[in-house]
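> I would like to see how this sequence folds:
(one chain, ligands or ions: 1)
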Amino acid sequence: MTIMIERLAIIGVGLIGGSLARALREAGAVKSVVGIGRSRANLEDALSLGICDEITQDSLEGVRGADLVFISVPVCSIPAVVAEIAPALAPGCIVTDGGSVKTAIVRECEALMPSGCHFVGGHPIAGTEHSGAAASFATLYNGKRCILTPTERTDKAALDLIARLWRLTGADVCIMEPGHHDRIFAEISHLPHAVAYALVHAVGTADVEGENVLSYTAGGFRDFTRIASSDPVMWRDIALMNREALLKSIDGFSSSLAELRQRIDRGDSDGLNEFFTTAKQFRDGIV
Ligand code: NAP
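Have a look, this model is predicted:
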């Protein structure tokens, strides 16, 4: 494999950034990787795990001379990170991200790019509920989708390079308009996380004769709520940044729950059967 990137800077060497670095190293596509972050302990992990060749807490120093910068910090911090590194970017540098919300990030980051540098918005559809460099692994993206969200301002060559890199990780690249991305992921990712957090919240504070009801939970509850163990800061940021689309999704879900509640309240056996059968058909149809 020929080297495609001489110096890759990863800002936020956690699950997403660490896994991308590992996958591109395994593919032989990058010559050197510099890991940039806030806490020394996580960066030391990244170094000792062989994810990075160098580590630094100084982002300006880290991005100097990089031909590609990948930003994988919580979404509300992404524009601030880009604003900070912009003066140190080398001409021709491509900046891309893995953030789970796209409209605001793409708009703000495109506007922050110095002339001759290019921003490409991205979102790999892969993850776990675990965080940090130690949680990353090279095969995370294999067989998963990665959405890229170009606009009319996106440099075509930069987009092509980012798409080729994601394909090297085993990901299937999809191109989508940022707003369309945010509406889809509000429904299929941000809403389920909000519901899981709300459900655990409700059950965790439920008062059933003073019992700790969570101690009785079994497979179903645990399967359904696994994602409520995800990083709260990451999900706080996603909820804030995709506020409008998420509120619409929550309203849709509230109507659905209200409908279910009504059918239970009425003792509507046929109505319940129909409700559960329709949902089962949707669920069984997911490939
Ligand atoms: P993570 O494992 O917690 O990694 C984030 C890393 O960023 C941490 O190592 C953290 O280390 C560092 N960091 C946090 N704030 C920072 C800042 N302001 N400046 C520099 N470094 C900072 O999180 P992740 O799961 O990789 O998620 C990263 C991004 O990927 C998020 O934007 C998320 O929306 C997106 N994403 C996540 C998933 C998922 O399922 N996890 C899937 C797709 C996309 P320090 O605290 O030491 O700085």
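> Please give me every residue in contact with the single nearest residue of the stretch 51-200 of the chain relative to the ligand.
Closest approach between the stretch 51-200 of the chain and the ligand, counting by Cβ to the nearest ligand atom: residue 127, at 1.8 Å. All C-beta spots, glycine's among them, are computed from the backbone N, C-alpha and C. Residues near residue 127 by Cβ atoms under 8 Å, 6 or more residues apart in numbering: 15-16, 140.
> 7 Å instead?
15-16 (Cβ atoms under 7 Å, 6 or more residues apart in numbering).
> Ramachandran angles for it?
In this entry, residue 127 is assigned phi and psi values of phi 170, psi 180 (degrees, to the nearest 10).
> Next: residue 68.
Per degrees, to the nearest 10, the backbone of residue 68 is at phi -140, psi 130.
> cool, and residue 33?
Taking degrees, to the nearest 10, you get phi -130, psi 130 for the backbone angles of residue 33.
> Quickly list what it is bridged to.
With DSSP bridges applied, residue 33 shows beta-bridge pairing to residue 8.
> Give me the neighbour count for it.
28 (other Cβ atoms under 10 Å).
> pretty sure it is touching residue 52, no?
Yes - counting by Cβ atoms under 7 Å, residue 33 touches residue 52, with 4.7 Å between them.
> any common contacting residues for the two?
Common neighbours of residue 33 and residue 52 (Cβ under 7 Å, 6+ apart) are residue 21.
> residues from the stretch 51-200 of the chain in reach of the ligand?
72-75, 77, 81, 98-100, 123-124, 127, 131-132 (Cβ under 6 Å from any ligand atom).
> which residues of the chain fall in helices?
Under the criterion DSSP state H, the chain carries helices at the ranges 15-26, 40-48, 59-63, 78-85, 103-112, 156-168, 178-185, 191-204, 219-225, 232-241, 243-265, 269-284.
> Pick the most deeply packed of these.
Of all the helices of the chain, helix 15-26 has the most neighbours on average by mean count of other Cβ atoms under 10 Å, namely a mean of 25.
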